[in-house]
Structures are given as C-alpha cells and as structure tokens.
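**Q** missing the sequence, but the structure's below:
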RNA sequence: GCGGGCGUAGUCCAACGGUAGAGACAGAGGACUUAAAAUCCUUCCAGUGUGGGUUCGAAUCCCACCGCCCGCACCA
C-alpha cells in the first residue's frame, strides 16, 4: 500500500464531479430546498486563508445537506467592482476590467483546487454588464417607487480616493479604504431611502432567530431608535436674527426641562450660518469647528467649546431666558441640530456649563432627596423629580409624559421618534462601478434612461493618469439624447457604491441568466438563503443594506414578501491568525523565512534569533500570511479544510500552525491506511452487520453509531470542531479494534464506511477515494447520509458516580433504565458509602436517573 | 463612556447545573529500524481568572472585581 497522494487523487475527483455535473443545482427536483451561501469574494487575485475557512465551512453544510436529502443551491460569484481595480489600473497603466477578469480567472482556478461543491454554472461577476444592467433596471424601478431621493448633503469626502463615503465607511474620521482623514463637502447625491424602513428593519430583527445575538444587537444599535420630544423655544426679540422666532430642539429627557441652563446649536445649523454673517468671531469659530470636526484628536480630547450667539430663548413654563451657544459637540444630522442643555443630568452639558459658568440645577434626585447636588459628574440614574414645579415628586417616565402633554397643549412641540440610521448615499465619483442610469436634461430635468437602452455601459477607452472620475472627463460618453425629449443631454457620471452590487447578488444566483433582475418562480423557490456564512466585519453594512434591498425589491415586485428577510440563518466565522516574527534590527519575517526548533526561532537567511510576536489576523503588513495555494500543493485541499475545521470553534479565531496542518495530514494518511489494511478481511459491500456475542464488536458498533449521531448534530449546529473530535474518536476505535470473525469483519466495514461518509463533507476527496477502495462503484457524493441506529447509541448499563455531600466517593454499575429506588438501594449498599455512613442514616439521597447519586449526610 | 463576548492542563479546545477530559497539538519514555522518517504502545500535566452568593451539587446560574478581544462612540 502506498501513501495517499492528495495531489493526483484530488484532481481526479474534482474532474469526476465536474464531468458528472454533480453540483449543478437540480431545478426540477421535488426535494426540499436548501440554499447555502458564503459571502462572495472580492477578486483581489489570490485566495487567502480566510476564504479557505469560510468556504470549507460552507461546503461542509452544502455537502451534508445534499447527502441528507435536500436540493442544494450553492453558488459562487465575484464582488468585482471597486477601488482596487482602479488603483491597479493607475499603477500598471492598464484597464480595471482586464485586471479584474484576470484575477477572477486566477481565483476561480484556486477555488477549484479546494474541491468545493459549487454550482459553477451560475457564476457571475458584479462587473458583468449582464449583472449591472439588471441593477440599473432596479434603480429605475426604485426611482419610480419613491425609494430614492436626490439631495444636497454634506458628505464625507475622501481626499485621497477623491470620492464620497457612506457614514458606515468612515472609521475614526478616516476613509475605510484610504485611511485618510475625511473632509466635509456639500454635494448633490443619490440616496436610497433606507430610513423609510427604519422601523421595519428594527422590528424584524426580533424574527431573525437564526442570527447571532451579537449581530442582532449591532444592527439594533446601528438603527438607534430613540423616543423623545421635539420642542420649539421662543427666541427673545433681537436685532441679530430677527427672522428666527423659534428654536426647535430634540430631547429624550423632557423631564429635565426645569433644569435647563442653556441652549446650543450645531456649527452647521442654518441659524449659526446666518448669525455668522454679521459676526466675524462666530464665523471664525464655526470655521474652526469644521476643520477639527471629524478629526480623531478632536474626538479624543472631546473638549466642549462654544460661542455665545447673544440670542436668548424663553423657557416654555418659566419666566426665564437662557443663552444660546454654538457648540462643537452638537451634531447637525441628529435630531434638529439643536439642544437644550440640562447640565445636572448630562455629562456633556455639565462639562460645557462648568466651563462657561452656566446654570446647574439638579431636577432628578435619587431617593427624592431635595438637597441633592451635582459637582462635575452628571446624574443620569433613576430618581424623583425636584425643583420642577408641577413635576415635583414624579418619577422620570411620568414626568416625561407630563411635559410632553403640556408642551403639546401649548402648541410648542410634539413627541418624536428619532433614528441614528441615515439614508444611504450611493453616489460615487468613480469609474469602476455600476453607472447610475439617469440623464440630466436642461428641459426635462433628471430623466431615467429607457430600460431598452440598458445597460448604460462603462466605456472601455478611459485613462487613469489623473485622479478623479474618468467618466466625467471622457470625451463622448456622457453625451446622449434625453430619453424623454430627445434633445442633447448629459449622463450622470457618478457610479453606485459597490455595496449596492452585493445587496442583491444572493437573489440573482437563483436565476443568474434571467432577462429581468429576478425570475419570480426561481426566487420563490430558493429564497431566503437558508444559511449565510461570512465574516463578522459585515455585521452592519452589507447585511443591513441587503435587508433593505429585499424590502425595496419586494416593493418593486422583484421579490416576494417571504424573502423580506433574505438570510434565514447567519453564521459569522472567526478570523485566521498566525504568529508574527520580528527580525533582529526590525522588520517582519514571513513564516517561510524562519526556522522553528522547539521554542527557538531563527531567521533562515541570517541564522539569527527571531522574536516571536503576537498572534494576530493574517495580514500582508505583518507578513504573517500563509498562502493556501502552497498548503494545498503541499498537503492537499482536504488537509487544509480539515485543519480549518478542527480545534477552534468556528465563530472564534483559529491560529494557523504548521504543526496543526501536519496533524491533519497524519490523520488523512491514517484513515487511508486503516481502510487499506482492513480491506482484505472486509465482507462484500452491502453486508449488514449482525448481532454479536463479542463485546468488542458491539462496542465498535456503538462507537460507530454514537459518532454518526454526534457528527450529524454537531454539523447541524456549526460545531465543526466537535464533529472533528468525534471522527478522531471513531478513527481511534477502528485502529484499536482487535476482534476477529465474520461478525467483527462486518462491524469493521460498517465502522469504516461510516467514517468515510462522516468525513466526506470535510475531506471529500479522501472520502471518494476510500469509498472506491472499499469496493463501491458509486460516488460518496451520491450516497445518502448514514443514519444512527437508536439502540446502538445508548448503553444498557452505565457507570453512575456516587457523591457524598457533593464529592465523588464511589461509583456503581447499574442498568440504564433502573428506577430511582433501585439506584438508591445500590448506592447505599456500596462498600465505600456504607463505610462513610458509619451506621448512620443519610439526611437525603438525590438520584438523577442516568446521571449521578448524591448522598447527603 | 455605552453595548457585547471570552478567561478550563504547556497550547488549542470538550464537558443537558451532575465523575473536570471527547479530541488535537506539544512534551517524556519505549517498540520497530543499521539509522532516520513514518508507524505503534505507554505516559506526564489543570480543579476551571479572583472573591462572594444560590444549590444536595457550580467551569456552567447570580453579584462584584481583574484581564483580554470586538462593536459603537459628543446620537441630546
């Protein structure tokens, strides 16, 4: 018997699966459907270990479900628009399409070496004109349905990428891709009206019981619903802004209205702009705020600064007025961009009030203590209202209601629900994206392109020698007749945010070649996605946008209501990490550049010691990456997959180690050897195991069936590490099996075949090869999942520990179905227990059937 | 600051509130071998971050604290 040769064997079975079209979805199948989807990759050019982990998990699910009698849809495609292609084009003086499609070819070839059970016939890239044509059609439908708006808005402008960023793409005040500090600019942009769905998106989170709680909480927080009161304060008559009679503020704490110390507005508030015209000091202050507004340092220091406008607002219930400041900590795009400050019960407000010597009056006291004072720390806890006229003695919630009622009766305000969620700005001043299919006509205004003219194709002859949008400066592309009047007009040169592309690809996979965005019969058959798998980094953006899109597509007739939540179950996998290696004199070394001898690590080239750094996510900058292609070439795809699924729970980070993958390789060889060594003694395929009077035979059969039960359950629950451990256990049992005879041989065949079938979702090539060696002429891929015999998964007699006062003192063998009285009798008769009781009677005996006995003395 | 998660052998991880060990990695000893690799056998190692509480019984539930990780972050 020779060693298992992963390279040739894997290629052989991949070819067999492909030529038999094993994984092309059977659209005519009457079996129940199961749609398993991994987040599709960006075609960067090479797969990385994160992909291997993601797709290994998805493939386990897909293959197991397939064996368990489901019609499985398991597609793959490419999230292919985006900045890197343009950057590459600039660097290489090439074209983004050329770079992208070459990368797709390279990555497809790499993915195919993983042996994934994908339906490649459904493959598409989001940069395919056939795909973005449909996206443009939907954009027009969304326009017609009022799901889009176009508004001038202050946007996040990335000065390096020269593009607009969504709020979600700004991280710590910097662009998520470029890392450059983001500036504010006012541009007219297209927005998806996601806020129209804020309530639905929020409430439906409760129904997503197949999602991790963590992600649900993140989505809830992102939508950020709050209940409050909008109040209009009268502005005292003045000369500086005579047109402004009222200042409207939003508050979630109307109960603290009597504790008001000042009013404050955002530097971007229209009132601030007007006042600045006649006040150069204020103008300078606003200018300063704009500069430091989003920078990291400003946020870190969080120093509250303000500028007294000279205006005063009247308290609605008191004969008292308060100064109005322009303050740097007031956000224009939340609430009304204006607040009333209640220093005693808001930390920001007290910081501000102390700095500018403003009124601080506590109005909520813990325990109703009327002498309650605050110093420099705001009190935000529960309590009773004090110092507040008609509110005194009320609890906070009652006071909120009372103020709301009174203000409403005065016509000075009303209850208002606010959201943190903003509309989704999708305009991007980039070339490599889906063109927004509208035309600007001097006569007709903004006109959608006619659907029969779609797609609005990206021109091929573009240059990237200067920053900015090549579509904007293209000689002819944007000139087009108006779809309405036929006169000369110009196309919109903005393209869509690439998150749009990924917000509906899962629906397109159901009917990837349809002439419309979706084929209703196909999406009704396959959606929602039964199991979606990907990185937690998409917990907010991509998933929220997709949920919005499903709703928008339902509204425009592209999906049914049953797909309103597009992902029935979601699993977020952990990252792949690796040690880092720091060379003497600085700089990072890659894992190939070091030698490890026990705990001593040295550099291969210099032989000098290397400092082992922290174990962190694989990244190019720290050079701690391992190339999946090298691993697959060296050990085989099955080993890479097996190791990825071993040890660490899938939701947690996994550390890639050389030792770990070698362990996986040993297991592969071991299974191969066990199958081949056993072969001569095995009965023919199809020989059913029989009852045996040999304990060892029965024991092996029990291990086999317990493993079938456990692995089945573990895979269903995404506990792949435990499934792997169970398979190791079964392997160990087979390896140490010594019994002989026909009954033993039959049990051994059963054990080996079960082992092969249970491993198949994880190491499919090895499984096929072993299956063939075992004498089968059909493929594992076409073999149903093994079923555990219930009577072999339970034991007739069990060992029960006996505790005395909670500590284990002895154990007894009892029949599994022995009743409590019998167990108690046996336990109390146990030698060790008799001795401990020393003639006395136990105070209490607790018998947990099948588990434990506890004797209390 | 707010929200969430995680702390178990040297390491990664298991353990319906019920015997702390399923499994892997690493280590030690041995067998086989001229030797090595591979393989096989044997074996060492924690009382579960700390302190309380609930319970017949706590790694598991509750409270406080410590440490690490993630998300949001001037959202009124």
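**A** Arrived safely, thanks for sending. The structure displayed is predicted, hence computed values, not measured ones.

**Q** From here on, just use CA atoms for contacts and neighbour counts.
**A** OK.

**Q** Skipping its backbone neighbours, what lies nearest residue A:593 in space?
**A** Among residues not flanking residue A:593 along the chain, residue A:604 sits closest, at 5.5 Å (Cα to Cα, 6 or more residues apart in numbering).

**Q** so what's that neighbour up against?
**A** Residues counted as contacts of residue A:604 (Cα atoms under 8 Å, 6 or more residues apart in numbering) are A:593, A:594, A:595.

**Q** my guess is the last one is in a strand, correct?
**A** Read it as residue A:595. Yes: remark: residue A:595 belongs to a strand, assigned using DSSP: H, G, I helix; E, B strand; the rest coil.

**Q** Distance check, the residue of chain A found nearest RNA strand B against residue A:241.
**A** Taking Cα to the nearest atom of the strand, RNA strand B has its nearest neighbour within chain A at residue A:251, 2.8 Å off. Going from residue A:251 to residue A:241 by Cα to Cα, to the nearest Å gives 24 Å.

**Q** Need the three-state assignment for residue A:414.
**A** Residue A:414 - assigned by three-state DSSP - is strand.

**Q** doesn't residue A:407 make contact with it?
**A** Yes: at 7.2 Å, residue A:414 and residue A:407 qualify as touching, with contact defined as Cα atoms under 8 Å.

**Q** Find residues that contact each of the two.
**A** Applying Cα under 8 Å, 6+ apart, one finds that residue A:414 and residue A:407 are jointly contacted by residue A:231.

**Q** ok, those two, which is more surrounded?
**A** Counted by other Cα atoms under 10 Å, residue A:414 and residue A:407 do not tie: residue A:407 has more neighbours, with 21 against 18.

**Q** List the contacts of that one.
**A** Here residue A:407 is in contact with A:231, A:316, A:413, A:414 (Cα under 8 Å, 6+ apart).

**Q** which ones are touching the first one?
**A** It stands for residue A:231. Residue A:231 neighbours (Cα under 8 Å, 6+ apart): A:248, A:249, A:250, A:251, A:407, A:412, A:413, A:414.

**Q** what pLDDT does residue A:817 get?
**A** At residue A:817, the predicted lDDT confidence score is 82.

**Q** How about the helix or strand harbouring residue A:215 and RNA strand B, any contact?
**A** Using DSSP states H and E, residue A:215 sits in helix A:213-223. Yes: under the criterion of Cα under 7 Å from any atom of the strand, helix A:213-223 makes contact with RNA strand B via A:214, A:217, A:218, A:221, A:222.

**Q** Which neighbouring elements make contact with that helix?
**A** With contacts defined as 3 or more Cα pairs under 8 Å, 6 or more residues apart in numbering; DSSP states H and E, helix A:213-223 has these neighbours: helix A:198-203.

**Q** can you count the residues close to residue A:666?
**A** 13.

**Q** Confirm that it sits in a helix.
**A** Yes: according to three-state DSSP, residue A:666 belongs to a helix.

**Q** Name the next helix or strand downstream of the helix holding residue A:215, please.
**A** Once the chain leaves helix A:213-223, the next helix or strand it forms, by DSSP H and E, is strand A:225-234.

**Q** next helix or strand past the least confident helix or strand in chain A by mean pLDDT?
**A** Every helix and strand of chain A was ranked by mean pLDDT, DSSP states H and E. The lowest is helix A:296-301, at a mean of 46. Once the chain leaves helix A:296-301, the next helix or strand it forms, by DSSP H and E, is strand A:306-314.

**Q** What is the distance between that following strand and the centre of its chain?
**A** Relative to the chain's own centre, strand A:306-314 is displaced by 45 Å; criterion: Cα atoms, centre = their mean, to the nearest Å.

**Q** So for the following helix or strand past it, mean pLDDT?
**A** Of the helices and strands lying after strand A:306-314 in sequence (DSSP H and E), the nearest is strand A:321-327. For strand A:321-327, the mean pLDDT works out to 95.

**Q** just checking, next helix/strand downstream of strand A:321-327?
**A** Using DSSP H and E, the next helix or strand after strand A:321-327 towards the C-terminus is strand A:338-341.

**Q** Now do that next one: which elements does it pack against?
**A** strand A:246-251, strand A:262-265.

**Q** Give me the buried positions along the last one.
**A** Taking 16 or more other Cα atoms under 10 Å as the neighbour-count basis, strand A:262-265 is seen to contain the buried residues A:262, A:263, A:264, A:265.

**Q** mean confidence for that strand?
**A** Throughout strand A:262-265, pLDDT has a mean value of 95.

**Q** List the neighbouring strands of it plus their orientation.
**A** Sheet partners assigned to strand A:262-265 using DSSP bridges are listed as strand A:321-327 (parallel), strand A:338-341 (antiparallel).

**Q** Out of these, indicate the one that is most buried.
**A** strand A:338-341 (a mean of 27; mean count of other Cα atoms under 10 Å).

**Q** For the next helix or strand after that strand, what is the distance to the chain centroid?
**A** Sequence order places helix A:347-356 as the next helix or strand after strand A:338-341, per DSSP H and E. Remark: helix A:347-356 is offset 38 Å from the chain centroid, using Cα atoms, centre = their mean.

**Q** got the contact list for helix A:347-356?
**A** Against helix A:347-356 from outside (Cα under 8 Å, 6+ apart): A:261, A:304-306, A:341-344, A:359-360, A:376-379.

**Q** now the angle from that helix to strand A:321-327?
**A** 100 degrees (axes from the mean of the first three to the mean of the last three Cα atoms, to 10 degrees).

**Q** Would you mind identifying the next helix or strand past helix A:347-356?
**A** Immediately after helix A:347-356, counting by DSSP H and E, sits strand A:364-365.

**Q** tell me what that following strand is packed against?
**A** Using 3+ Cα pairs under 8 Å, 6+ apart: strand A:364-365 touches strand A:384-385.

**Q** ok, then the element right after the strand it packs on?
**A** Toward the C-terminus from strand A:384-385 - assigned by DSSP H and E - lies helix A:396-409.

**Q** relative to strand A:225-234, how tilted is that following helix?
**A** For helix A:396-409 against strand A:225-234, the angle by the same axes, to 10 degrees is 50 degrees.

**Q** thinking residue A:623 is in contact with residue A:592, fair?
**A** No: between residue A:623 and residue A:592 there is no contact under Cα under 8 Å: 10.0 Å.

**Q** hang on, the earlier thing: any chance of the contacts of residue A:407 in JSON lines with pLDDT and distance to RNA strand B as columns?
**A** Putting these into JSON lines (pLDDT from 0 to 100; distance: Cα to the nearest atom of the strand, whole Å) gives the following:
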{"residue": "A:231", "pLDDT": "95", "distance to RNA strand B": "11"}
{"residue": "A:316", "pLDDT": "94", "distance to RNA strand B": "16"}
{"residue": "A:413", "pLDDT": "92", "distance to RNA strand B": "14"}
{"residue": "A:414", "pLDDT": "93", "distance to RNA strand B": "13"}
